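>>> Here you go, sequence then predicted model.
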Amino acid sequence: MTVADADTSYLALTRVHPRALQVLLARFVAKTEAGDGRSMTAFAAFYGVPEAAAKVLLWRAVGEFEAVLSGRPAPTPLPFEEEQRRADALCAAIDAPLPPQSQELGKTVGALTALHANASAIRERLARAEQAELSSPEYTRETWLRRIAIVVVLAVSAWFYWQADLTRWWRSSTTVEARDAGR
């Protein structure tokens, strides 16, 4: 599960859930004033949650990232106390100057270190993918279909909102015309 290049990291990031992607990008890839990625304290502040909750959030995203890299399904939820314990161990291993003693945790930290090391290349690829999406004909068609749907919803809503007034106006104007035509 060693990630050594930006291609592998980027491909794995495109396969995780968007929420996990956002968490991993915010912690390891985002361009900040301090450089690439955020410290755990800055990451917790970014999400506006206590650091303990931010660790669990990160641990869950890393678990999904790990599963994609290994080609296995996403992990099932664990009891919250166990998630907290593992999240603390993961964050301690990420911040430690020496590699962790656990081989599994060492692979995970290696993958996250590679993700952080390839941050600029990953940001560039994400920007290119976003630009390609925005300039695609499918995106243009989808945007126009959404606009048309909004106009239809507004028209139908206006009809139901003013239906009684319009019906009353129609009846009074046709009745007046009918009386005028009868004279």
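Structure's in. What do you need?

>>> phi, psi of residue 32?
phi -120, psi 170 (degrees, to the nearest 10).

>>> Neighbours of it, how many?
Residue 32 has 12 neighbours, counted by other Cβ atoms under 10 Å. From N, CA and C alone the C-beta is placed, and that goes for glycine too.

>>> list the contacts for it?
The contact partners of residue 32, by Cβ atoms under 8 Å, 6 or more residues apart in numbering, come to 38, 42.

>>> Can you tell me how far it is from residue 9?
The gap separating residue 32 from residue 9 is 18 Å, by Cβ to Cβ, to the nearest Å.

>>> try residue 153
41 Å.

>>> In terms of neighbours, single out the busier of those two.
Taking neighbours as other Cβ under 10 Å, residue 153 and residue 9 compare with residue 9 leading, 27 against 10.

>>> wait, what's in contact with the residue lying closest to residue 37 once chain neighbours are set aside?
Computed as Cβ to Cβ, 6 or more residues apart in numbering, the closest residue to residue 37 that is not its neighbour in sequence is residue 28, at 4.6 Å. Counting by Cβ under 8 Å, 6+ apart, residue 28 touches 36-37, 112, 115-116, 119.

>>> what's the answer for residue 47, then?
26, 53-54, 57.

>>> same check, this time on residue 54
40, 43-44, 47.
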